[in-house]
Structures are given as C-alpha cells and as structure tokens.
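K.L.:
Just a sequence and a predicted model for now, questions to come.
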Amino acid sequence: SNKEEGGDLGWFSPGMMVPAFNDFVFRNNEGTIGVVETQFGYHVINIQEQTEREKAVKLATISRAIEPSEKSMNDLFAEVTNFELKAKEGDFEQLAKSNGK
C-alpha cells in the first residue's frame, strides 16, 4: 500500500488500521517484527518507533426509548383518578403531603 516509501507507513493512531494489524502494532513494543494476516493479505510488520503509551478510553452513547408497560399505565391512571376523587372531598394540600406528592 505504500511501496513509494519502501512500505513505511509512518505514524498512525489506534483504530486507523484494520483490527489484526492495529492489534499487533499497539500490543507489541518497539523493535518487534512479526507477520499478520488481514483481509488484504499477509503483512510483515517491523515496529521501528513508538511514542510514549497513553491511556485511552472508548466512549459510546447507547440510546433506547423506554416506554411504560400497560400495567404501569393502568396503575398510574388508577392512582391519579383515586387522588383526584379524594382531593375533591378533602384538603388537597394535606392529601398531597400524605401521598408524598
């Protein structure tokens, strides 16, 4: 992929190469030579120079809509209706406090 530079890929960061290539380079030390197979063929890798290792963190955001079950909706409706009926008959503020609202 880089015959003009004699195969020297220069500097690259984790995640820029295919997984097998990336894993070999970043799990071994400077001076290590090895052969790695990827979907592009076999690669003879000579790790000539590395910068100082730094801790890295993978970060992801997972999002999913949370919807109440039918039972939850029915329970809430019953609680609200019951509260509404009792509030018409008595002291709203006192009823709210006694129900933790």
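P.N.:
Now that the structure is in, tell me what you want to look at. None of these values were measured; they are calculated from a predicted model.
K.L.:
Under a three-state scheme, what state does residue 12 occupy?
P.N.:
Secondary structure, DSSP: H, G, I helix; E, B strand; the rest coil: residue 12 is coil.
K.L.:
Helix or strand: which one has the spatially most central residue of the chain?
P.N.:
For the chain, the residue nearest the mean C-alpha position is residue 60 (2.3 Å; Cα atoms, centre = their mean). Residue 60 belongs to no helix or strand when assigned by DSSP states H and E.
K.L.:
How much space separates it from residue 18?
P.N.:
20 Å (Cβ to Cβ, to the nearest Å). Glycine gets a C-beta too; all of them are placed from N, C-alpha and C.
K.L.:
Equivalent analysis for residue 94, please.
P.N.:
Distance from residue 94 to residue 18, by Cβ to Cβ: 68 Å.
K.L.:
Three-state assignment for residue 22, please.
P.N.:
Quick answer, by three-state DSSP: residue 22 is helix.
K.L.:
Count the neighbours of it for me.
P.N.:
Look at residue 22: counted by other Cβ atoms under 10 Å, it has 17 neighbours.
K.L.:
Show the model's pLDDT score for it.
P.N.:
We have a pLDDT of 92 for residue 22.
K.L.:
if I read this right, it contacts residue 13, doesn't it?
P.N.:
No: Residue 22 is beyond contact range of residue 13, at 9.5 Å (criterion: Cβ atoms under 8 Å).
K.L.:
Roughly how far does the most far-flung residue of the chain relative to its centre sit from residue 82?
P.N.:
Using Cα atoms, centre = their mean, the residue of the chain lying farthest from its centre is residue 89. It sits 51.8 Å away. Look at residue 89 and residue 82: by Cβ to Cβ, they are 11 Å apart.
K.L.:
Same question for residue 7.
P.N.:
77 Å.
K.L.:
Show me the shaky parts of the protein.
P.N.:
Scanning the chain for pLDDT under 70 picks out the ranges 1.
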